[in-house]
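Undergrad: Let's see this in three dimensions:
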Amino acid sequence: MNTFSLALRNLMRNRRRSLMTLFAMVLGLMAVLLFGGYIRDITYRLQSDYVQRTGHLQIQHKGYFLYGSGNPAAYGMRNYEAIIAIVKTDPVLAPMVAVATPTLQFGGIAGNFTTGVSRTIYASGIVVDDQNRMREWDDYDFRVPSRRLTLSGTTADSAVIGIGVARVLQLCAALDVPHCPAFSEPASAANGAALPDDIAALATLTQADGPTGNIAARPRIEILAANSHGAPNVAGVNVVRAEFQGVKELDDVFVALHLPQAQKLIFGNDPPQVTAIALQLRHTAQMPRARARLDQVLTTTLKDVPLEIVDFETLNPFYGQTLTMFAAIFGFISVLIGAVVLFTISNTMSMAVVERTVEIGTLRAMGLRRRGIRRMFVAEAIMLGMIGSLLGVTMTLGAAWTIGQLGLTWTPPGRIEPVPLAVRVAGEHLMMWGSAIGLVVVASLSAILPAARASRMNIVDALRHV
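TA: A predicted model of the protein is given here:
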């Protein structure tokens, strides 16, 4: 206790230098914490986007993730309703699962045969009400109102397409898509042929079972896909709207359908199947426990069905790549700022040693051992680090709160609309404690060389120092 009391008194002897050193330490810690809080906010938003779309975990037919996208019928789950019922009634899983919903994804060709154009697409059949509930997930308290899917309240033969699909199919004008200029093909390009009569008859059959709504008010496209027997099948759908999907590669192939319509297109009159069951948990922290329980269910109750569990990080590799990139950037900046702080404190300690040479000689002459000299200067550095950590964390919390109150927005990659610019520091105890302890460690290391040099001084030379 006396050591730190003496260290604080020594720091107060040259207040200007101590304050400048403290300012550098606080500024460095604030930079690290603010950047770390900014990264943490982006990470949570990115995670929320993926969880709202694909859930935390997905139950799939074994092998579908690697091989099934080209042949969904071969990797479909026929008894998906029973699997969902097992998950919802399981005593361990039921309290954790917020939404369990089936999806069907398949590739095909969409054509607008009134203009003779077509393109390849990747379609998703969804249960709209379940997807709307998934969009309400807000584990990190962003308090951003969820947007209901455009397919909500539409007829069974409705669809939503990406703006890239609308552009190629020449539907921008019919769908009132802004910033989507009409494309005039070169004179040498031949228009596609009209839809053959036999394929058109298939499309007519698919819409004979139910109401189609006000068809005249909506542009109509035909979707061609291979059914479960390998034969071509066509469904005519009414396009409700074209929406940008955030990424051009997805936007150029995106088509969303109601699940029954997608199942009828792929499986016809055969028993309907799905390619995945998305499970959205109430909290991301429940993933390890939920996955462990699902593995038990798959090896016991569902042991006769070839199923596997895939988490959202595997489904969305961009998420893991983004975290790795941010971790590398954060580490580089932390090391760089730590080096600057280290040399700043080391310079301060070296100047203190020079100024107090006579004092060091006197203390050594009075019987203070060399380790006592080293302990004195290291204690001063630790004291600087502790004060700098306390001030840095406090000021960072204030700066983060101020940034949140400014109402700034930005549009991150893959997003359609701007989001609030925020720095998430409050509540991130591991990051705050780790950065504060790191600053104290850097301060301690910076004092080792000056303290060692002070302890090795010759007593007589130190006393004669002017």
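Undergrad: do you know how far the residue lying closest to Trp410 once chain neighbours are set aside is from Gly404?
TA: Among residues not flanking Trp410 along the chain, Leu421 sits closest, at 5.2 Å (C-beta to C-beta, 6 or more residues apart in numbering). In short, each C-beta sits where N, CA and C put it, glycine included. Look at Leu421 and Gly404: by C-beta to C-beta, to the nearest Å, they are 8 Å apart.
Undergrad: How is Ala256 assigned, secondary-structure-wise?
TA: Here Ala256 is recorded as strand under DSSP: H, G, I helix; E, B strand; the rest coil.
Undergrad: you'd agree it is up against Thr154?
TA: No: using C-beta atoms under 8 Å, Ala256 makes no contact with Thr154, being 10.6 Å away.
Undergrad: Pass me the low-pLDDT residue ranges in this protein, would you?
TA: 1, 182-217, 413-416, 465-466 (pLDDT under 70).
Undergrad: What pairs with the helix or strand Val160 falls within, parallel or antiparallel?
TA: According to DSSP states H and E, Val160 maps onto strand 158-162. Its sheet considered, strand 158-162 pairs with strand 232-243 (parallel), strand 254-258 (antiparallel) by DSSP bridges.
Undergrad: Now that strand - C-alpha only, CSV.
TA: Below are the C-alpha coordinates for strand 158-162, written out as CSV (Å, rounded to 0.1, in the frame of the first residue of the first chain):
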residue,chain,number,x,y,z
SER,A,158,-48.1,-14.9,-56.0
ALA,A,159,-44.4,-14.3,-56.1
VAL,A,160,-41.8,-11.7,-55.2
ILE,A,161,-38.7,-11.3,-57.4
GLY,A,162,-35.4,-9.6,-57.2
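Undergrad: Run through who's touching that strand.
TA: 110, 121, 149-151, 169, 171, 213, 218, 221, 223, 237-245, 250-258, 261 (C-beta atoms under 8 Å, 6 or more residues apart in numbering).
Undergrad: counting contacts, what elements does the next helix or strand after it pack onto?
TA: Later in the chain than strand 158-162, the nearest helix or strand by DSSP H and E is helix 163-168. Identification of packing neighbours for helix 163-168 by 3 or more C-beta pairs under 8 Å, 6 or more residues apart in numbering; DSSP states H and E yields strand 117-126, helix 172-175, strand 232-243, helix 248-251, strand 254-258.
Undergrad: Show me the contact partners of the helix or strand hosting Ile83.
TA: Using DSSP H and E, Ile83 falls within helix 80-89. With contact meaning C-beta under 8 Å, 6+ apart, helix 80-89 is reached by 59, 77, 93-94, 97, 100, 102, 273-274, 277, 279, 294, 297, 301-302, 305, 307.
Undergrad: Mind giving me the ChimeraX select for those, buried ones only?
TA: Selection of the buried residues among the contacts of helix 80-89 in ChimeraX, burial being defined by 16 or more other C-beta atoms under 10 Å:
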select :59,77,93,97,100,102,273,274,277,279,294,297,302,307
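Undergrad: Okay, and which of the contacts of helix 80-89 map to strands?
TA: 59, 97, 100, 102, 277, 279, 307 (DSSP state E).
Undergrad: Grab the two from those residues that are most spread out in space.
TA: Val97 and Leu307 (16.0 Å; C-beta to C-beta).
Undergrad: before we move on, the earlier item: hmm, the residue nearest to Trp410 is touching Thr411, no?
TA: No: contact criterion C-beta under 8 Å: Leu421 and Thr411 do not qualify, at 10.3 Å.
Undergrad: More neighbours: the two, which one.
TA: Each of Leu421 and Thr411 has its neighbours counted (other C-beta atoms under 10 Å); Leu421 has more, 15 against 11.
Undergrad: Roughly how far does the more buried one sit from Tyr38?
TA: 8 Å.
Undergrad: and what of Leu27?
TA: 16 Å.
Undergrad: When those two are compared, which one has more neighbours?
TA: Tyr38 (19 against 16).
Undergrad: domains for this protein, by residue range?
TA: 2-46+320-463, 63-305 (automatic domain parsing).
Undergrad: tell me the contacts of Ile223?
TA: Taking C-beta under 8 Å, 6+ apart as the test, what Ile223 contacts is 108-111, 121, 123, 159, 234-237, 255, 257, 265.
Undergrad: Just the buried residues of these.
TA: Using 16+ other C-beta under 10 Å, the buried ones in the contacts of Ile223 are 108, 110-111, 121, 123, 159, 234-237, 255, 257, 265.
Undergrad: Same list, these, but as JSON lines with distance to Ala399 please.
TA: Shown next, in JSON lines, are the buried ones among the contacts of Ile223 (distance: C-beta to C-beta, whole Å):
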{"residue": "Gly108", "distance to Ala399": "51"}
{"residue": "Ala110", "distance to Ala399": "50"}
{"residue": "Gly111", "distance to Ala399": "55"}
{"residue": "Ile121", "distance to Ala399": "47"}
{"residue": "Ala123", "distance to Ala399": "47"}
{"residue": "Ala159", "distance to Ala399": "47"}
{"residue": "Val234", "distance to Ala399": "59"}
{"residue": "Ala235", "distance to Ala399": "55"}
{"residue": "Gly236", "distance to Ala399": "57"}
{"residue": "Val237", "distance to Ala399": "51"}
{"residue": "Val255", "distance to Ala399": "45"}
{"residue": "Leu257", "distance to Ala399": "47"}
{"residue": "Leu265", "distance to Ala399": "54"}
